[in-house]
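A.B. asks: here is a sequence together with a model predicted from it:
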Amino acid sequence: MRGRPVAPRPAPAGIVRSPPEVARTVLKPFPREGGAVGRTDGFLPIEGYAAIGEGRSVALSGADGSIDWWCCPNLDSPPLFDRMLSPEEGGYFAITPEEPFTAEIGYRDGSNVHETVFTTKTGRARLTESLNSGPAGRLPWAELARRIEGLEGHVRFRVALVFGTRGDTAAPYLSGNSNGTAFHVAGMMGLFRTSDGIRIETENDHVISGSVEVRAGQREVVAIVAAENQPLVVAPIDEIDGRIDVSCQEWRDWTERLAYRGRYAEQVERSALALKLLLYSPTGAIAAAATSSLPEGIGGSKNYDYRYAWIRDAGYVIKAFLRLGAQAEANAALSWLMRHIGEHGAQVLYTLDGGCVPGERDIDLPGYRGSRPVRTGNAATGQHQHGIYGDIFETAERFVADGNMLDLRTGTLLAQLADQCAESWKLKDAGIWELPEAEHYTGSKISCWQALARAVELADGGHLPGTCRERWARARDRVADWIDRNCWSEAKQSYVMYPGTEKLDASLTLAVRFRFGNPERLAATCRAIDRELGRGPYHYRYTGAEAEEGCFLACTFWLVEARALLGETAEAQAAFEALVKALDRNSGTYSEMADPVSGIYLGNLPQGLTHLALIQAAATLSGLSL
């Protein structure tokens with residue numbers, strides 16, 4: 001399992017050479033109020049996890065030293081570790097102190113390499129974790145490396161690698177040859193690599209377990225090297241260990257190239273790093289989140305698979321990358337988006353390799369804290385959302401406004417999409433929230449206006465064929481007139497969710513960024529949304545959502561940005577800082593939602609919409625141009 005023995009080193013009890021100078025790590029206790037890291041019925045709180053990745057997959061490591069989610073080798077592969085959804089039968093990779101402990105957690109500065117410091121009655125030790133890359137970028141294989149270092153006294157750890165069954169669809173097994181022993185899970189083959197101080201006590205088709213004790217100044221390393229349907233390099237453990245610091249420097253090199261010079265730089269950088277984890281480097285696609293089926297309400301059924309690329313999320317992330325000066329990432333994502341729109345039409349979402357997303361399918365797993373069903377696929381694949389038009393055109397307009405150029409094929413495709421929008425804007429759709437009831441959602445109509453307005457501007461600038469420019473302009477004005485006649489409520493002093501209702505929709509705050517309508521009505525709408533949908537520092541998505549789910553974190557950041565653009569800077573700043581303070585529960589890996597009473601995280605994570613909305617709000621508060 002550990003491969004062929006490596007050459008002897010001077011200190012067989014562990015890797016004791018001095019590491020190169022590494023980034024600073026700001027550690028904070030988990031939980032914040034101190035005390036032991038606790039599981040409830042086998043589950044850690046969602047905020048108990050930090051995300052690590054390398055541009056192809058993302059692993060979630062808990063504050064107790066257990067990696068409970070990892071889809072390997074790709075972000076959308078079936079999970080190798082799925083303890084988050086199945087605490088009794090799921091796979092995991094744990095390095096946990098044998099004695100009671102407290103934990104402090106944090107990312108290295110400017111990096112997605114994560115650290116946890118455990119304190120027991122006998123000593124302190126640090127666990128450093130990385131999904132490794134090399135000096136030339138992403139490795140051809142997946143390499144999950146975990147370094148254990150003694151800081152004070154001595155700490156003894158239990159090490160357990162429990163193989164997942166990919167939702168009871170695979171039977172793991174071990175096989176050996178003259179070069180070592182490998183584990184197999186469906187088409188995946190992997191090696192469990194350790195330094196000399198790790199004592200293996202159990203090794204079978206289900207689990208490999210053992211122990212290790214580190215004293216001050218001692219270092220041990222445990223790693224998984226894995227690939228799917230391809231030969232596997234048996235890397236020496238010293239090289240794997242060294243790549244932790246190489247990977248950290250690669251992350252730091254990337255963040256140092258970011259061009260953000262505004263306020264809240266620490267939060268913006270951490271959110272940029274989270275978004276970078278969701279950028280699937282083999283294709284340029286941007287996943288909405290790294291997980292599936294984490295509930296929007298504990299015990300509820302709103303549990304969805306977010307390991308796909310939504311046009312909406314991709315568009316928003318591209319704009320955030322442009323604002324940060326991450327030109328390469330923005331270009332890769334836009335190129336991917338336009339290529340697959342050309343292939344399949346303007347779908348709501350795509351797989352990470354650009355295909356059509358399958359419909360929902362239930363998996364027979366217990367679910368996070370009993371929240372079922374557990375799902376793969378996504379029902380939104382069969383929906384139509386007018387919002388895709390606005391998202392595509394706003395993204396293209398921002399790309400051009402940043403000094404870049406569209407190719408002729410992209411310009412022609414955009415012109416065709418503008419024609420489609422002008423033809424179909426009067427139809428009902430599922431809306432931004434992908435609701436089962438088709439309506440004339442106000443936000444969808446605003447997105448149609450946005451698409452047509454941007455199409456006219458791009459045509460005027462010579463970036464699109466202008467043949468249908470006048471048609472687009474007339475349709476743009478008709479949409480605006482329709483919205484103001486049908487979607488404004490005098491009683492509420494607000495735009496409503498759709499004509500004929502008094503329900504409010506927090507996504508309408510985005511209309512300010514889109515430059516829709518008159519500022520007075522938009523300001524009044526923001527006040528109404530804050531008043532009716534706000535709960536402390538958080539906001540629900542729409543009227544009635546509190547019965548089924550937590551507060552949607554991006555909505556608050558959208559409201560912050562809208563109020564700042566409307567000139568309500570002091571109020572916007574106070575709201576931003578209140579939410580950031582409320583979210584300060586882990587190392588900076590944010591989820592989709594939070595419970596407004598307890599503050600616990602809800603929904604999938606890391607959630608791209610949350611992190612990109614933070615970036616946009618912080619940049620706008622800093623006075624940076626859209």
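C.D. replies: Happy to help now that I have it.
A.B. asks: how about the strands in the stretch 151-300 of the chain?
C.D. replies: 173-177, 180-185, 188-194, 199-203, 207-215, 219-228, 279-280, 285-286 (DSSP state E, counting those that start in this stretch).
A.B. asks: same check on the stretch 351-500 of the chain?
C.D. replies: Under DSSP E, counting those that start in this stretch, the stretch 351-500 of the chain gives strands at 361-363, 374-376, 488-489, 494-495.
A.B. asks: equivalent analysis for the stretch 501-626 of the chain, please.
C.D. replies: Taking DSSP E, counting those that start in this stretch as the criterion, the stretch 501-626 of the chain contains strands spanning 534-535, 538-539, 551-552, 593-594, 601-602.
A.B. asks: list the buried residues in stretch 241-254.
C.D. replies: Neighbour counts over stretch 241-254 (16 or more other CB atoms under 10 Å) mark Asp241, Gly242, Arg243, Ile244, Asp245, Ser247, Cys248, Gln249, Glu250, Trp251, Arg252, Trp254 as buried. C-beta here means a position set from N, CA and C on the backbone, and glycine is covered the same way.
A.B. asks: could you say which of the strands of the stretch 351-500 of the chain is packed most deeply?
C.D. replies: strand 494-495 (a mean of 26; mean count of other CB atoms under 10 Å).
A.B. asks: what lies in contact with it?
C.D. replies: 442, 483, 487-489, 504, 508, 511, 521, 524-525, 527-529 (CB atoms under 8 Å, 6 or more residues apart in numbering).
A.B. asks: do that again at 10 Å, thanks
C.D. replies: 442-443, 445-446, 483-484, 486-489, 502, 504-505, 508, 511, 516-517, 521-522, 524-529, 531-532 (CB atoms under 10 Å, 6 or more residues apart in numbering).
A.B. asks: buried ones among these?
C.D. replies: 442-443, 445-446, 483, 487-489, 504-505, 508, 511, 516-517, 521-522, 524-529, 532.
A.B. asks: among these, which are in helices?
C.D. replies: 442-443, 445-446, 483, 511, 521-522, 524-529, 532 (DSSP state H).
A.B. asks: between those, which sits nearest Thr120?
C.D. replies: Ile529 (48.1 Å; CB to CB).
A.B. asks: quick one: contacts for that closest one?
C.D. replies: Ile529 touches 492, 494-495, 504-509, 539-540, 542-543, 555, 558-559, 562, counting by CB under 10 Å, 6+ apart.
A.B. asks: re earlier: deepest in the core, which of the strands of the stretch 501-626 of the chain is it.
C.D. replies: Highest mean neighbour count among those (mean count of other CB under 10 Å): strand 593-594, a mean of 30.
A.B. asks: so which elements touch that strand?
C.D. replies: Under the contact criterion of 3 or more CB pairs under 10 Å, 6 or more residues apart in numbering; DSSP states H and E, strand 593-594 touches strand 551-552, helix 553-565, helix 569-583, strand 601-602.
A.B. asks: does Ile244 touch Arg146 like I think?
C.D. replies: Yes: Ile244 is within contact range of Arg146, at 8.7 Å (criterion: CB atoms under 10 Å).
A.B. asks: will you turn the buried residues of stretch 241-254 into TSV that also has distance to Ala235 and pLDDT?
C.D. replies: Compiled in TSV, the buried residues of stretch 241-254 are given as follows (distance: CB to CB, whole Å; pLDDT from 0 to 100):
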residue	distance to Ala235	pLDDT
Asp241	10	98
Gly242	10	97
Arg243	8	97
Ile244	13	98
Asp245	15	97
Ser247	14	97
Cys248	18	97
Gln249	18	96
Glu250	17	96
Trp251	20	97
Arg252	23	97
Trp254	23	96
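A.B. asks: isn't Glu269 right next to Ile615, touching?
C.D. replies: Yes: counting by CB under 10 Å, Glu269 does reach Ile615; the two are 9.4 Å apart.
A.B. asks: overlap in contacts of those two?
C.D. replies: By CB under 10 Å, 6+ apart, the residues touching both Glu269 and Ile615 are Tyr260, Leu324.
A.B. asks: ok, those two, which is more surrounded?
C.D. replies: Ile615 (28 against 21; other CB atoms under 10 Å).
A.B. asks: buried ones in stretch 300-314, by neighbour count?
C.D. replies: 300, 302-314.
A.B. asks: er, stretch 229-236 I mean
C.D. replies: Leu232, Ala235.
A.B. asks: neighbouring contacts of that stretch?
C.D. replies: By CB under 10 Å, 6+ apart, stretch 229-236 touches 2-4, 6-7, 73, 132, 139-143, 145, 179-180, 182, 186-191, 193, 223, 225-227, 239, 242-243.
A.B. asks: pull out the buried residues from the residues you listed.
C.D. replies: 2-3, 6, 73, 132, 139, 141-143, 145, 180, 182, 186, 188-191, 193, 223, 225-227, 239, 242-243.
A.B. asks: list the neighbouring strands of the helix or strand of the chain with the lowest mean pLDDT plus their orientation.
C.D. replies: When each helix and strand of the chain is scored by mean pLDDT, DSSP states H and E, strand 137-138 comes last, with a mean of 82. Partner strands for strand 137-138, per DSSP bridges, with pairing direction: strand 133-134 (antiparallel).
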